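> Pasting a predicted model and its sequence here:
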Amino acid sequence: MDNRTALSDLESHFDKTVALIQNGKEIEYGIIDGNNTIVYIKAGMEGSCYGYENKYVRIGRLLNEKHGCSIVSSSNPLGLHTDFSAEMTFIRDYALKHNLEDYKVYYLGHSNGAALGIINAWHFSEIKRLVCINAPLMMNPHQLVQGIKEFNGEKMSLVYGSKDPSFDMVKLYSELESEKIDFISVKNADHNFTGNLDFFIELPGLLLFGDELKCKNVKVHQ
């Protein structure tokens with residue numbers, strides 16, 4: 001591991017973790033306490049709340065440090081069988097416990113976690129912004145289209161690496177683009193952003209909060 005990706009002890013841990021049983025599976029939530037903007041991170045299928053090389057902890061620490069937001073990162077053992085209402089109940093209960101009045105949710109999902117966000121976010125008015133990275137477009141297309149059309153929050157950013165299997169299908173969804181719906185391409189990025197982990201960690205800050213990117217070697221086309 002080089003100096004760029006060497007992890008500090010802080011970047012390797014959440015403030016706390018909570019495990020709950022949903023549909024017979026254990027879902028682990030990693031939490032960083034902050035203000036009433038809650039960034040909810042959903043991993044890809046069978047992904048942990050930590051992510052590869054603790055990428056979700058690192059995203060959480062970065063956003064918490066810059067913007068003071070709360071972080072709730074969720075593992076994904078159930079895929080599209082996830083009870084999304086139960087997930088949002090967990091968020092609501094967290095906000096109540098910490099007296100986060102008028103809280104709002106910014107959603108970040110990768111792969112299957114991205115698809116979950118697209119399909120379900122429109123049912124929950126507290127979800128204001130989404131960053132959905134490499135959601136598989138060949139699965140559940142009707143639900144995906146409905147989720148995009150019905151979304152009534154502030155912004156949904158659909159991000160696809162040019163080497164992702166769904167990249168060539170994005171053009172089929174282009175008519176859904178609007179002031180609220182962005183399709184964003186990332187040159188030479190594959191499904192897992194192999195070799196571009198630092199950029200993956202910075203991307204939510206750009207799309208959720210307008211932060212400046214430090215990684216200059218990756219091209220984003222909006």
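Here it is on my side, so go on.
> Now do the same for M45: helix, strand or coil?
coil (DSSP: H, G, I helix; E, B strand; the rest coil).
> Verify the stated contact: it with S75.
No: using Cβ atoms under 8 Å, M45 makes no contact with S75, being 10.3 Å away. Glycine gets a C-beta too; all of them are placed from N, C-alpha and C.
> more neighbours, those two?
S75 (23 against 17; other Cβ atoms under 10 Å).
> dump the residue contacts of the more buried one.
The contact partners of S75, by Cβ atoms under 8 Å, 6 or more residues apart in numbering, come to E26, I27, E28, Y29, A43, G47, S48, C49.
> which residues does the fifth one contact?
Going by Cβ under 8 Å, 6+ apart, A43 touches C49, G51, Y56, S73, S74, S75, N76, H110, G113.
> 10 Å instead, please
Neighbour list for A43: 28, 49-52, 55-56, 73-77, 108-113 [criterion: Cβ atoms under 10 Å, 6 or more residues apart in numbering].
> hmm, back to that, list the residues that are in contact with both of M45 and S75.
In contact with both M45 and S75: G113, using Cβ under 10 Å, 6+ apart.
> about what we covered before: quick one: buried ones out of the contacts of S75?
Among those, those buried by neighbour count (16 or more other Cβ atoms under 10 Å) are I27, E28, Y29, A43, G47, S48, C49.
> how about these in a markdown table, adding distance to D190, secondary structure and pLDDT?
Below are those laid out as a markdown table (distance: Cβ to Cβ, whole Å; DSSP: H, G, I helix; E, B strand; the rest coil; pLDDT from 0 to 100):
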| residue | distance to D190 | secondary structure | pLDDT |
| --- | --- | --- | --- |
| I27 | 27 | strand | 97 |
| E28 | 26 | strand | 97 |
| Y29 | 28 | strand | 98 |
| A43 | 17 | coil | 98 |
| G47 | 16 | coil | 97 |
| S48 | 20 | coil | 97 |
| C49 | 23 | coil | 98 |
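> which pair in these spans the largest distance?
The distance between the two most remote of those (Cβ to Cβ) is 13.1 Å, for Y29 and G47.
> Can you check which residues contact both of these two?
Taking Cβ under 10 Å, 6+ apart as the criterion, Y29 and G47 both touch I41, S73, S74, S75.
> rewinding a little: and which of the buried ones among the contacts of S75 is nearest S85?
Distances from S85 to the buried ones among the contacts of S75, taken by Cβ to Cβ, are shortest for I27, at 13.3 Å.
> Please verify my assumption that that closest one contacts L20.
Yes: I27 is within contact range of L20, at 5.5 Å (criterion: Cβ atoms under 10 Å).
> shared neighbours of the two, anything?
S74, A86, E87, F90.
> Show me these that map onto strands.
S74 (DSSP state E).
> ok, the shared contacts of I27 and L20 vs S185, which is closest?
S74 (26.7 Å).
> E154 - nearest residue in space that isn't next to it in sequence?
Take E154 and drop its neighbours on the chain: the residue closest to it by Cβ to Cβ, 6 or more residues apart in numbering is K128, 4.7 Å away.
> residues in contact with the one you found?
Contacts of K128 (Cβ under 10 Å, 6+ apart): T37, K104, V105, Y106, Y107, A121, N152, G153, E154, K155, M156, L208.
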